[in-house]
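K.L.:
Quick one, structure for this:
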Amino acid sequence: MKVSVIILVFIILFSLFFSFYKLPQGSPLTSPNLEFPLGTYINGQNMINVNAIAIINTFIFGTVVGIIEILLAATYGVFSTIGSRTRVIMVRFLDALTIIPRIPFLLAIALFYGTPEGTFLRANFFLTAIIIALTGWSNYARQISENLYFSTSMPLLSRIVGKLSFRLSISQYWPSLSSLTKKFFIPAIIDGISTYTAMGVIAGVGDPSYPTLTTLLNTSRLLPDWWLFLIPAVFRGIVIVILYIISDSLR
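P.N.:
Residues are numbered from 1 along each chain as shown. Alright, predicted model coming up:
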């Protein structure tokens, strides 16, 4: 885990540095060489800078999704344990949300707020993150609810008292809840990044104002220049694998 964390911190610091420090530009679509190790973008910008900005925006997107999903999941999970009958109803609601085909549903929503531009769909960066989070929190809420309900004496108390106060639930569940939010936060980040990538690859959803690794993958679909696709894809793969390793270690 330590090695993965070190690599992740290095990638973030490297990307932050080259997000602000601009390297020399060249001719558009210059293939990788000694002067431009990763080549140049369609506007001549050095691909080191382009990928650095994309990595930071990718992390921002995933973090926004992760925070919203975990906050909603934790809150709903605690509320669902206040009473036995309440829990049955709320858990069934989560099951109903989970069976909705997520990607087709998200793409249908994106058509309402996005703007078609050729083969792409321009969609606000932060609005897309919020919508992805609102469709992905239910899976974590289900798991948090199950873990909380069967981890303490609260089920027995709820049967005796009938219904427990939200404050009492929070005070009883806080140690377990804190551990669960840490456990599911990184998977929620991965969920945000992966879902956004699926929307981008399938329907070209993205926001040019906040280019991510997904945006670069979308752009490369229309061009034969391999470095526009392969390098962002490699960076995305490295980021996702490192996050998975850290997530598994935390569990």
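K.L.:
got the contact list for the residue lying closest to Lys22 once chain neighbours are set aside?
P.N.:
Nearest non-adjacent residue to Lys22, counting by CB to CB, 6 or more residues apart in numbering: Asn49, 5.9 Å away. C-betas here are computed from N, CA, C, even on glycine. Contact analysis of Asn49 by CB atoms under 8 Å, 6 or more residues apart in numbering lists 18-19, 22-23.
K.L.:
Mind giving me the packing neighbours of whichever strand or helix holds Phe93?
P.N.:
Using DSSP states H and E, Phe93 sits in helix 84-98. Helix 84-98 sits against helix 47-79, helix 137-149, helix 154-161, with contacts defined as 3 or more CB pairs under 8 Å, 6 or more residues apart in numbering; DSSP states H and E.
K.L.:
Pick the one among the contacts of Asn49 closest to Ala129.
P.N.:
Closest approach to Ala129 among those (CB to CB): Ser19, at 19.0 Å.
K.L.:
per-residue confidence at the closest one?
P.N.:
Ser19 carries a pLDDT value of 92.
K.L.:
List of residues touching whichever helix or strand it is part of?
P.N.:
Using DSSP H and E, Ser19 sits within helix 2-20. Contacts of helix 2-20 with the rest of the structure, by CB under 8 Å, 6+ apart, involve 48-49, 51-53, 55-56, 59, 238-239, 242-243, 245-246, 249.
K.L.:
Report the two of those residues separated the most.
P.N.:
So, the contacts of helix 2-20 by CB to CB: farthest apart are Asn49 and Ser249, at 31.8 Å.
K.L.:
The contacts of helix 2-20, buried ones only, as a ChimeraX selection?
P.N.:
To isolate the buried ones among those in ChimeraX, judged by 16 or more other CB atoms under 10 Å, type:
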select :48,49,51,52,53,55,56,59,239,242,243,245,246
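K.L.:
Out of the contacts of helix 2-20, which one has the lowest pLDDT?
P.N.:
Ser249 (79).
K.L.:
measure the residue nearest to Lys22 to Pro211 for me?
P.N.:
11 Å (CB to CB, to the nearest Å).
K.L.:
quick one on the thing from earlier: report the separation between the residue nearest to Lys22 and Leu38.
P.N.:
9 Å.
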